[in-house]
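Enquirer: the following comprises the amino acid sequence and a computationally predicted model.
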Amino acid sequence: MSRPTHSTVFSRDSDPGVQDSLWFANDFMLGAGMVIIQPSTGKMVVLSDQYQDAHGVDKVHFFLPKGRKDIGESLEQTALREAYEESGLRVTFMPLIVPTHAPSPPSSQNTLHKILPSTEPIFLDMHKWRAGHFGRTDTGGEYLTFWYVGQIPDNAVLEAGTRMPDEVGYQTHLVHHNQAMELLAGTSMAAIVDKAYRLWIATNHQIHNPSWLDLVSTRLGVDPASVAAQVPALPQAWNVDEGRRSESSAEAQDNARAATL
């Protein structure tokens, strides 16, 4: 896809905009991915897979669960399915206060719905796939992935046999935010994990803010306690900054191996 000659600058969390485009069905794919947080510990799920590079050296690739949307499947269903299949964990969506432009249901025209927690995607990323990826006649295309935030309970159980044949070597790791950032360094997934983590913290702070409580109650006519109950709390006596301590790549990989489920 060609870039505009003068890029549209979005928020600091986004890359510049691209030109208006029209793509036919065989030139794009839709997919969904999931950031998985365990609220009781403040940890996050990262997956890994081993491979050999061109020189026969063993390497480890770290990533988040994601995949293509099946025919007839919603993006939300895709996110939950891929999270389950690739991680082996049963995940539910985590409501967060997200600055989405998605409108509220038609019954309400109040734009204040944006201050309420939702399960809308927090990112959309776009990657090209090379020509020939799907056969000799394939000319390549754009792969658009919608990223959601999910959660697992304290007693989450890793289920066996959920992965596809080409995924059986995947391993599931439960790590702190700083470890996830180091393991995913150099990829867009690091930014996605970081934003999900910060949105969770910010949402917890917001739902206890007196101004927010008053606004939800008086302007929206909603019980703030019932809204706040949807949001998983931060761990008790948890130091938010502890999860942000930087680690070397070697330390992060060692800790990830120790945290394999």
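Expert: Arrived safely. Numbers count the residues shown, from 1 in each chain.

Enquirer: neighbours of the closest residue to residue 232 other than its chain neighbours, how many?
Expert: Nearest-residue entry for residue 232: residue 39, 3.5 Å, with adjacent residues in sequence omitted and distances by CB to CB, 6 or more residues apart in numbering. No exception for glycine: its C-beta is placed from N, CA and C like everyone else's. Around residue 39 there are 19 other residues, counting by other CB atoms under 10 Å.

Enquirer: got a list of what residue 39 touches?
Expert: Under the criterion of CB atoms under 8 Å, 6 or more residues apart in numbering, the contact partners of residue 39 comprise 94, 151, 200, 232, 233, 234, 235.

Enquirer: only whichever of those residues are buried, select them in PyMOL.
Expert: Here is the PyMOL command that selects only those of the contacts of residue 39 that count as buried (16 or more other CB atoms under 10 Å):
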select buried, resi 94+151+200+232+234
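
Enquirer: in strands, which of the contacts of residue 39 appear?
Expert: For the contacts of residue 39, membership in strands holds for residue 151, with DSSP state E as the criterion.

Enquirer: from the contacts of residue 39, pick the one nearest residue 223.
Expert: Here the nearest of the contacts of residue 39 to residue 223, counting by CB to CB, is residue 233; it sits at 17.5 Å.

Enquirer: if we can go back for a sec, just the contacts of residue 39 now: which is nearest residue 52?
Expert: Proximity of these to residue 52 (CB to CB) peaks at residue 151, which lies at 34.9 Å.

Enquirer: give me the pLDDT for the nearest residue to the closest one once chain neighbours are set aside.
Expert: Nearest residue to residue 151 in three dimensions, chain neighbours excluded: residue 94, at 4.2 Å (CB to CB, 6+ apart). Per-residue confidence at residue 94 stands at 99 (pLDDT).

Enquirer: for residue 94, grab phi and psi.
Expert: Dihedral pair for residue 94: phi -110, psi 110, per degrees, to the nearest 10.

Enquirer: go through stretch 219-226 and flag the buried ones.
Expert: By neighbour count, with 16+ other CB under 10 Å as the criterion, the buried positions of stretch 219-226 are 220, 224.
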